[in-house]
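[1] Next come a sequence and a model predicted from it.
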Amino acid sequence: MTLCLLVLSGKAFAGWYQVKNYEGSIGPNPVHLSLQRYDSFGSGITVEGSYLYDAKQTPIALYGKAEGAKLSLCEITDDKEVDRVLVVGSKAPVDTTRCPFSLEISERGARGTWTKGLEKLPVVLKEVAGLDDTAEGEIKGIVEIPFWAHTAIDRFAGIFAKTDAGICMTKLQVVSKKEKKAVQSIRFDDPDCNAGMLMTPIYMNVQLQDEETISVNFRGGNGGYTVEYGFSPKTGMYHRLVH
């Protein structure tokens, strides 16, 4: 799990992401949590994220507001709402007063509550890794980004590391929801270290085209580019598509 903070800047190849990874629990349920904080967003959203229950392995999109160390976060489980709220965005101010998550971030982790209806559960998280490419570029621990994209049977997680060319996604893990483990690792022939670093919410650097095709975002050029991978029933794996 990962807590992600994105600082928007005018740099072409650096200064986009600060990431902290957290793991912990919501009540008795183990979870991975990832958040990305913005300096500003048109609708008033300053935090976007992704989290999953370890038992289910299905990523749930998050959005909300940060006031210092305090975070209020709402959940989205519908793809159309993800597009409306997080991709297109709203000009009207976003109300987070009824959001399930109320958290307070500290240097070691985060604590708070998750509330839905009459159910109220404690949230306890600890920091386990981090990434910062806004200055010299630093990596602490194993940084894994849980992308919003997922199929009925798999989810996708990027492993970000520091190379001679900078920080980027060095491999993409295909994680079986049923087996709860990576069943394929896609490594990138990417000497310029551009994979997963397009200036977009970090959770959108892998996107679902259909149930058998995903696209991976790369920075570079004027607007970046994508590479598609298709699932082969014959091999049971994703392979790069050549158009």
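    Structure received.
[2] Just give me the neighbour total for the residue nearest to Asn194 when sequence neighbours are not counted.
    If the residues on either side of it in the chain are set aside, Asn194 comes closest to Phe218, at 4.3 Å by Cβ to Cβ, 6 or more residues apart in numbering. All C-beta atoms are positioned from the backbone trio N, CA, C, and that covers glycine. Phe218 sits with 21 neighbouring residues when counted by other Cβ atoms under 10 Å.
[3] mind listing what the longest strand along the chain pairs with, with the direction of each?
    Once the chain is assigned using DSSP state E, the strand that runs over the most residues is strand 119-132. The strands that strand 119-132 pairs with in its sheet are strand 17-26 (antiparallel), strand 109-116 (antiparallel), strand 138-140 (antiparallel) (by DSSP bridges).
[4] So which residues make contact with the helix or strand just after the last one?
    Later in the chain than strand 138-140, the nearest helix or strand by DSSP states H and E is strand 143-150. Counting contacts by Cβ atoms under 8 Å, 6 or more residues apart in numbering, the residues outside strand 143-150 that touch it are 1-2, 4, 19, 21, 32, 34, 50-52, 58-59, 61, 82, 129-131, 155-161, 169, 173, 177, 196, 202-208, 214.
[5] before we move on, what about stretch 213-225?
    Under the criterion Cβ under 8 Å, 6+ apart, residues 13, 149, 156, 169, 172, 188, 190, 192, 194-200, 204-209, 226-231, 238, 241 lie in contact with stretch 213-225.
[6] and these, which of them are in strands?
    For these, membership in strands holds for 149, 156, 169, 172, 206-209, 226-231, 238, with DSSP E as the criterion.
[7] Please, a ChimeraX command that selects the buried ones among the residues you listed?
    Per 16 or more other Cβ atoms under 10 Å, the buried members of these correspond to this ChimeraX selection:
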select :149,156,169,172,206,207,208,227,228,229,231,238
